[in-house]
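Asker: Fold the following, please.
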Amino acid sequence: MKLSVGCPGSTQASRTLHKQLAYVQQPICRNPAAIPHATFRIPATPLHSSSNPTQHPFCSPALRSLQHIRCRASSSSSGGSASAEAVAEQEQNDIVEPFSEDDLQALSELENYIDVDTVGEIWRSQFADDIDGLYDYVDRGHMEFAERIEDLHEQPKHLWERLGFLDKLRQYPPGLIADMMGMGSWRLKGNVDEVFEFMVTRIEGSLRELLETDLALYPVDKWKTKGWDFIDSLDPKREWDGLSYVDMPSPLKGMEGYPRLLIENRVYSSRVFRKLHLEVAVRQDGLQVLHMVFYPRYDFDIPILALDLVAAGGAVTLAIIDTCPVTSRLTLPQHYIETILELQDNFLPDSCKERKIPDWGKQIFSPLCVCIKPEAPEELAGFMKYAVALTRAHLMYSQLLQPLSPTDKPSARRLSELLACHKRFCEHQLANTKTSRVLEVAFDKEFTDAYMKELMFDFSPKEDVPWFDGSLAKLYEYFENTPEVWADAGEFMKTRMKLDDQKASDFLRRFLAGDPSIKLPRLSFALQH
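Answerer: Below you'll find the predicted structure:
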């Protein structure tokens with residue numbers, strides 16, 4: 001909701017403010033399914049309700065002071081009739097002094113606060129009654145399709161397409177499909193420990209499932225054309241066209257080039273995230289690394305999700321994950337704090353809840369960061385479950401957000417703070433010399449600086465990563481599969497109108513169900529059809 005103040009001194013503006021203030025003062029709807037659109041707010045009681053708005057937990061002192069609307073006294077005789085007094089009282093109610101700039105700013109800040117809190121409530125309602133489902137979703141799919149999966153596994157994977165099994169896979173839940181395919185086309189598939197393959201499978205599968213058509217490839221000129229999709233310390237200049245890992249044997253211990261380091265990257269982007277980076281590194285002497293950072297776009301108010309998993313000598317030596325705050329005081333939103341604590345209580349053993357944040361991360365990690373050296377199998381298993389659940393919850397939250405706009409001073413200040421916090425995150429990550437030392441030994445300082453500053457921890461607010469609505473691809477696929485509609489313009493228009501009607505019905509259904517993504521443009525489209 002935005003306040004339409006009109007002309008500050010006009011009666012119409014005063015009436016508008018009066019009505020909007022009464023609207024804000026109503027109790028917030030606590031049922032997410034009933035919240036209709038992007039304002040995330042509807043009156044839970046009629047505007048004339050006798051309930052006291054000051055008792056609502058969202059009612060701030062600023063609003064309590066603003067609710068006593070200052071009225072101009074109308075000149076009327078105190079000895080008039082009852083009807084005259086009623087008319088005078090009504091006229092007095094209609095005359096409201098315009099709010100001062102401070103009043104409006106207080107209302108704006110309150111509105112932002114309510115919006116953020118309510119978005120958090122909608123988010124948490126998606127898994128509040130089934131927090132185990134944030135991790136068990138694949139196991140449940142296996143149980144539901146157990147017989148079909150057993151038949152599928154009786155056939156070699158290279159025959160699945162010929163036997164028509166790939167078409168049947170579309171009927172399975174997306175998470176189950178990703179789990180069955182494993183690391184898929186990753187070149188390092190089979191070269192990493194099963195813990196790393198499991199985490200990569202679940203994380204990348206969650207991206208494809210939860211972001212769906214929102215997911216896009218990160219601009220290739222920023223990584224692929226630089227040869228950073230696959231890096232081999234024996235072929236740093238890509239003279240073997242990225243196939244050196246197949247054609248060049250690894251050197252023996254003590255020979256030049258030992259230990260060989262292989263790095264593979266997958267980099268995506270979306271409407272909310274400017275960069276979704278997954279990196280897997282395998283070194284010949286047993287070092288393995290999984291590095292993940294989900295960078296939001298600079299105008300989205302959501303923490304930076306970061307994960308690192310390190311193994312050496314066949315054992316995981318470091319496991320760390322955090323929703324890194326994007327506030328100057330390293331604080332997280334209350335709904336994030338509540339969710340993280342619930343996830344930790346549900347998935348992590350008590351021994352994993354001690355806070356052991358490394359020195360280089362104390363300026364970027366939250367107090368709820370999980371950083372452990374797993375000493376027992378249950379600790380590692382608990383971390384893996386927690387990491388998957390937190391990643392999925394984080395992606396689900398991102399789908400409810402809209403970008404901030406510098407339309408007022410609080411928003412402009414918040415955008416400035418977001419930029420500063422993104423910069424802080426990248427600078428302190430670059431200060432961790434462990435990563436740079438590993439890269440410099442395998443390559444050189446010039447390569448290391450470019451790779452870390454341009455791919456791993458880049459801060460470039462002036463270079464906005466483009467995003468295209470992937471749902472358009474479905475439309476292209478439709479016309480490729482049914483080209484005959486192009487032969488008849490009338491048939492084409494009929495098909496288009498039918499699709500528009502279906503889309504309008506879908507928008508209305510989702511609007512009535514409380515889907516926050518159905519905002520004014522989509523609602524207008526639906527009502528016009």
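Asker: can we go C-alpha only for contacts and neighbour counts from here?
Answerer: Fine.
Asker: Can you show me the helices along the stretch 401-529 of the chain?
Answerer: 409-430, 433-442, 445-451, 471-481, 489-512, 520-528 (DSSP state H, counting those that start in this stretch).
Asker: Using TSV, lay out those together with distance to residue 145.
Answerer: Shown next, in TSV, are the helices of the stretch 401-529 of the chain (distance: least, CA to CA, whole Å):
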stretch	distance to residue 145
helix 409-430	43
helix 433-442	42
helix 445-451	43
helix 471-481	27
helix 489-512	29
helix 520-528	36
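Asker: Pick the most deeply packed of those helices.
Answerer: Scoring the helices of the stretch 401-529 of the chain by mean neighbour count under mean count of other CA atoms under 10 Å gives helix 409-430 as the most buried, with a mean of 17.
Asker: Phi and psi next, for residue 251.
Answerer: In terms of degrees, to the nearest 10, the main-chain angles of residue 251 are phi -70, psi 150.
Asker: any idea how far residue 218 is from residue 276?
Answerer: Going from residue 218 to residue 276 by CA to CA, to the nearest Å gives 8 Å.
Asker: what do the two both touch?
Answerer: 267-269 (CA atoms under 8 Å, 6 or more residues apart in numbering).
Asker: quick check, nearest of the residues you listed to residue 140?
Answerer: residue 268 (27.7 Å; CA to CA).
Asker: so who does that closest one touch?
Answerer: 215-218, 275-277.
Asker: Same question for residue 302.
Answerer: 296, 326, 398.
Asker: ok, so what distance separates the first one from residue 464?
Answerer: According to CA to CA, residue 296 and residue 464 sit 11 Å apart.
Asker: Mutual contacts of these two, please.
Answerer: Residues touching both residue 296 and residue 464 (CA under 8 Å, 6+ apart) are residue 274.
Asker: who's more crowded, those two?
Answerer: residue 296 (23 against 10; other CA atoms under 10 Å).
Asker: was I right about the more buried one contacting residue 306?
Answerer: No. Counting by CA atoms under 8 Å, residue 296 stays clear of residue 306, with 11.4 Å between them.
Asker: thinking residue 244 is in contact with residue 232, fair?
Answerer: Yes. Taking contacts as CA under 8 Å, residue 244 lies within contact range of residue 232: 7.2 Å.
Asker: Between these two, tell me which one has more neighbours.
Answerer: More crowded of residue 244 and residue 232, by other CA under 10 Å: residue 232, with 25 against 19.
Asker: In contact with the more buried one, which residues?
Answerer: Counting by CA under 8 Å, 6+ apart, residue 232 touches 238, 242, 244-245, 260-263.
Asker: Can you tell me which one of these sits lowest on pLDDT?
Answerer: Ranked by pLDDT, those bottom out at residue 242, which has 72.
Asker: quick one, what contacts the spatially most central residue of the chain?
Answerer: Closest to where the C-alpha atoms of the chain average out (CA atoms, centre = their mean) is residue 398, at 2.7 Å. Taking CA under 8 Å, 6+ apart as the criterion, residue 398 is in contact with 272, 302.
Asker: Now secondary structure and pLDDT too, for the contacts of residue 268, in a markdown table please.
Answerer: Shown next, in a markdown table, are the contacts of residue 268 (DSSP: H, G, I helix; E, B strand; the rest coil; pLDDT from 0 to 100):
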| residue | secondary structure | pLDDT |
| --- | --- | --- |
| 215 | coil | 90 |
| 216 | strand | 89 |
| 217 | strand | 91 |
| 218 | coil | 94 |
| 275 | strand | 97 |
| 276 | strand | 97 |
| 277 | strand | 98 |
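Asker: which residues in the stretch 251-400 of the chain form strands?
Answerer: 261-269, 273-283, 288-296, 304-312, 315-324, 370-372 (DSSP state E, counting those that start in this stretch).
Asker: orientation of the third one relative to strand 273-283 in degrees?
Answerer: Right, the one you point to is strand 288-296. When axes from the mean of the first three to the mean of the last three CA atoms, to 10 degrees is applied, the directions of strand 288-296 and strand 273-283 differ by 170 degrees.
Asker: What is strand 288-296 packed up against?
Answerer: Counting contacts by 3 or more CA pairs under 8 Å, 6 or more residues apart in numbering; DSSP states H and E, strand 288-296 packs against strand 273-283, strand 304-312.
Asker: Compute the mean per-residue pLDDT across that strand, please.
Answerer: 98.
Asker: So what touches stretch 381-397?
Answerer: Contacts to stretch 381-397, defined as CA under 8 Å, 6+ apart, come from residues 120, 123, 134-135, 199, 202-203, 206-207, 210-211, 305, 319, 321, 340, 343-344, 347-349, 352.
Asker: So which of these belong to helices?
Answerer: 120, 123, 134-135, 199, 202-203, 206, 340, 343-344, 347 (DSSP state H).
Asker: Those: which two are farthest apart?
Answerer: Longest span within these, CA to CA: 120 and 199, 26.4 Å.
Asker: how many other residues sit next to the nearest residue to residue 252 once chain neighbours are set aside?
Answerer: In space, and not counting its chain neighbours, residue 252 is closest to residue 258: 6.7 Å by CA to CA, 6 or more residues apart in numbering. By the criterion of other CA under 10 Å, residue 258 has 17 neighbours.
Asker: right, and residue 258 touches residue 234 too?
Answerer: No. Between residue 258 and residue 234 there is no contact under CA under 8 Å: 9.1 Å.
Asker: for the stretch 101-250 of the chain, what are the low-confidence residue spans?
Answerer: For the stretch 101-250 of the chain, applying pLDDT under 70 flags the ranges 101-115.
Asker: run the last query once more with 50
Answerer: Of all residues in the stretch 101-250 of the chain, those with pLDDT under 50 make up the ranges 111.
Asker: Where do the strands of it begin and end?
Answerer: Under DSSP E, counting those that start in this stretch, the stretch 101-250 of the chain gives strands at 216-217, 230-232.
Asker: Quick check: which of those is buried the most?
Answerer: strand 230-232 (a mean of 24).
Asker: Show me what it pairs with in its sheet, parallel or antiparallel.
Answerer: Strand 230-232 has these partner strands in its sheet, going by DSSP bridges: strand 261-269 (antiparallel).
Asker: Determine the angle, from 0 to 180 degrees, between the strand it pairs with and helix 433-442.
Answerer: Going by the same axes, to 10 degrees, strand 261-269 makes 120 degrees with helix 433-442.
Asker: Look at residue 403 and say how many residues are nearby.
Answerer: Residue 403 - counted by other CA under 10 Å - has 12 other residues nearby.
Asker: again with the one 5 residues further on
Answerer: When counting by other CA under 10 Å, one arrives at 10 neighbours for residue 408.
Asker: Repeat that for residue 222.
Answerer: 13.
Asker: what residues are up against it?
Answerer: So residue 222 contacts 454-455 (CA under 8 Å, 6+ apart).
Asker: Can you go through the contacts of residue 268 and name the buried ones?
Answerer: Buried members of these, scored by 16 or more other CA atoms under 10 Å, are 215-216, 218, 275-277.
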